[in-house]
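Asker: A predicted structure for the sequence below; I have some questions about it.
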Amino acid sequence: MAGLIKREDIDEVRQRTDIKEVVDGYVTLKGAGLGSFKGLCPFHDERSPSFTVRPQVGRYHCFGCGEDGDVISFVQKLDHISFHEAVEKLAHRIGFELHYEDGGSGPNREDIGRRQRLLDAHKVADEFFRAQLLTPAAAEGRSFLHGRGFDRAAAEEFGVGYAPQGWDSLLKHLRGRGYTDPELKLTGMFSEGGRGIYDRFRGRLIWPIRDIAGDTIGFGARKLYEDDQGPKYLNTPETALYKKSQVLYGIDLAKRNIAKERQLVVVEGYTDVMACHLAGITTAVATCGTAFGTEHIKIARRLLSDDGSGGEVIFTFDGDAAGQKAALRAFEEDQRFVAQTYVAVEPGGADPCELRQSKGDSAVRDLISTRRPLFEFAIRAALKRHNLDTVEGRIAALRESAPVVAQIRDAGIRPAYARELAGWLGMPVEEVSRAVGAAAKRAAPGPSSGQGYGQGGQGRGYAPGAGAGPAAGTAPGVAPLPPSAALPSFNRPDPRDPVAAMERQALEVALQEPGMLEGETWLRFSEARFSTPAYLAIHEAIRATGLGFAGDPVRWVEQLLQEVPEPLRPLVSELAVVPLPASTAEGVLRYCKDILARLFELQITRVKADKMGQLQRLDASADPEEFQRLNRELMQLEMQRRSLRSDA
């Protein structure tokens, strides 16, 4: 198990990674003033760009939806990976070797190099298979796709390819690209016989199987020819890259829409995923030759932000006995979700691909929209196993179905389904309700019983975030802050308030150009009095941080984020990326000097007002020395004010 990444290494990765280059891989950015870039936000739909990146401070902020963070959090959110994984991915990107605490160790250079070599081989194979689909030899494969309603554009969108019928077509291609046989054996793309290795996939349609980051890690192959003695579908075997219990086909294409729509549709095959996506159900994925299990659920929960605030998982199964069995197996895993689970079964038994072929895209959308709660499906399946025309059959059906009703997470609809069950059984509602209540008591955990994935607010002992590891925003290797009894709250400053506007502009300068605060300027800035509560708290954080990191704007902002109260972190991020109104380096310098001069002038005006009040309250004849001292100080303040204006 990998240890905690050292904090200094995390800081180094953050500092050395160009956030613009990373964001450019996901968002088209255009210049928006000196050192700032804008694009359409990847976290919400918008027509005009409000997503701003400021490479100098290593931050991004969307002025539309409020999403903000650094390069690590951006990769986390867009690739839906953990903090640890994001740091390792970025470290590999810049060729930086991470170090780990507590005697732990991450992947060494040899392991990283071997993994990258395997990924590169899969990428080359992926390109080879796609090119082969366009050759005359792949006519049968193209005919198969056409017969199921997929044109060339669809094949290209999903990367469908073709494996030639020869024994060594791919083998020769990869050897020609410099890969050795020992390396190729590790890919899972080859079988081994008495004469050495040969192509595992021959004369088949090929679907690339990609991980959540979009890297090809394996392949699924569909039989095309009658003389092929292999199974209908043949997948990559377990390898260092490919673990079928942790892989969902189509997750690379669906991940953003799953996160945005809080919906996951689980179908049974590659062509079903294609049909769903082409029909507008862009949250569809499929397992790869295995049942939807615990590891798949972990991926789904992370994408859905499965914390009790909504979301749905929809399983589609064939209407035959095998499909019903699969649905009931899925119901056994239902309790691992906070999201509501549903099942969508086409009455005629057609899968999404067949449905699209026969009735069009709208039929696929209708199938998903007419989903039923998975527990309802499970109840009806239990009833079908008994003869409800006999007393014994009804009692047996009640004993089997009452625990299913008792598991319904929404306490508000549980009694309604107890009444429905009573109607289906032809039994008194009171009797069925008692049976459901008794089943619920039997299933209730004891005081010390652990619950694994509990359901928020439904009597399952679940607290959002409990057992989820370090607090959000806490880096590996850094102890989380102790829980606070009450976090301070701050109202958003009124932009129409001229004093608040002045303080905001001064903080923008301090955050983005901390080099302007050196020497006497720092003394003046640290002594300035901020009156807007939110800006006052940020100003105090700047004073507490000091100028130790002023030469490194990325770490400067990162330190301030650790210093300010948590509710103000989004505001700090916003102030750090908002474009300064200047188009040249000289213009930025002039603007910063002017803003700081105006801040200091405002402070002088406040001090003058205080001293003028003292002077007016003073009896000059009773204390002439104090009267003269105040007058001298007022004159000095006025000279400072004029000097600031002259410099600006």
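Answerer: Structure's in. What do you need?
Asker: per-residue confidence for Pro480?
Answerer: Per-residue confidence (pLDDT) for Pro480: 35.
Asker: so what's Trp556 up against?
Answerer: For Trp556, the contacting residues are 57, 511, 514, 545, 549-550, by CB atoms under 8 Å, 6 or more residues apart in numbering. In short, each C-beta sits where N, CA and C put it, glycine included.
Asker: what about Phe158, neighbour count?
Answerer: 21 (other CB atoms under 10 Å).
Asker: re earlier: let's see if you can find the most crowded of the contacts of Trp556.
Answerer: Counting neighbours by other CB under 10 Å, the top entry in those is Val57, with 26 neighbours.
Asker: that one against Val557, yeah?
Answerer: Yes. With contacts counted by CB atoms under 8 Å, Val57 reaches Val557, the gap being 4.8 Å.
Asker: touching both of the two, which residues are there?
Answerer: Joint contacts of Val57 and Val557 (CB under 8 Å, 6+ apart) are 511, 576.
Asker: average model confidence for the helix or strand harbouring Arg629?
Answerer: Take DSSP states H and E as the rule and Arg629 turns out to sit in helix 624-647. The pLDDT scores in helix 624-647 average 68.
Asker: widest-spaced pair of the contacts of Trp556?
Answerer: Longest distance between any two of the contacts of Trp556 is 13.9 Å, between Val57 and Thr545; criterion CB to CB.
Asker: any idea how far the closest residue to Leu234 other than its chain neighbours is from Leu145?
Answerer: Of all residues beyond its chain neighbours, the one nearest Leu234 is Ala221 (4.7 Å), with distances taken as CB to CB, 6 or more residues apart in numbering. In this view, Ala221 and Leu145 are 14 Å apart by CB to CB, to the nearest Å.
Asker: quick check: neighbours shared by those two?
Answerer: With CB under 8 Å, 6+ apart as the test, Ala221 and Leu145 both reach Leu205.
Asker: which one's more surrounded, the two?
Answerer: When neighbours are counted by other CB under 10 Å, Ala221 and Leu145 differ, and Ala221 comes out ahead with 26 against 22.
Asker: what is the burial count for Lys593?
Answerer: Lys593 is flanked by 16 other residues according to other CB under 10 Å.
Asker: what strand or helix carries it?
Answerer: For Lys593, the host element (DSSP H and E) is helix 585-617.
Asker: residue ranges with poor pLDDT in the stretch 51-200 of the chain?
Answerer: Residue ranges of the stretch 51-200 of the chain with pLDDT under 70: 102-112.
Asker: one more pass at 80, please.
Answerer: Applying pLDDT under 80 to the stretch 51-200 of the chain flags residues 79-81, 101-113.
Asker: which parts of it are strands?
Answerer: Secondary structure of the stretch 51-200 of the chain (DSSP state E, counting those that start in this stretch): strands at 51-54, 59-62, 68-70, 161-163, 190-193, 196-199.
Asker: about what we covered before: measure the residue nearest to Leu234 to Gly188 for me?
Answerer: Ala221 is 12 Å from Gly188, where distance means CB to CB.
Asker: how far off centre is stretch 578-588?
Answerer: Once both centres are worked out by CA atoms, centre = their mean, to the nearest Å, stretch 578-588 turns out to sit 33 Å from its chain's centre.
Asker: how distant is stretch 151-171 from the center of its chain?
Answerer: Relative to the centre of its chain, stretch 151-171 is centred 31 Å away, using CA atoms, centre = their mean.
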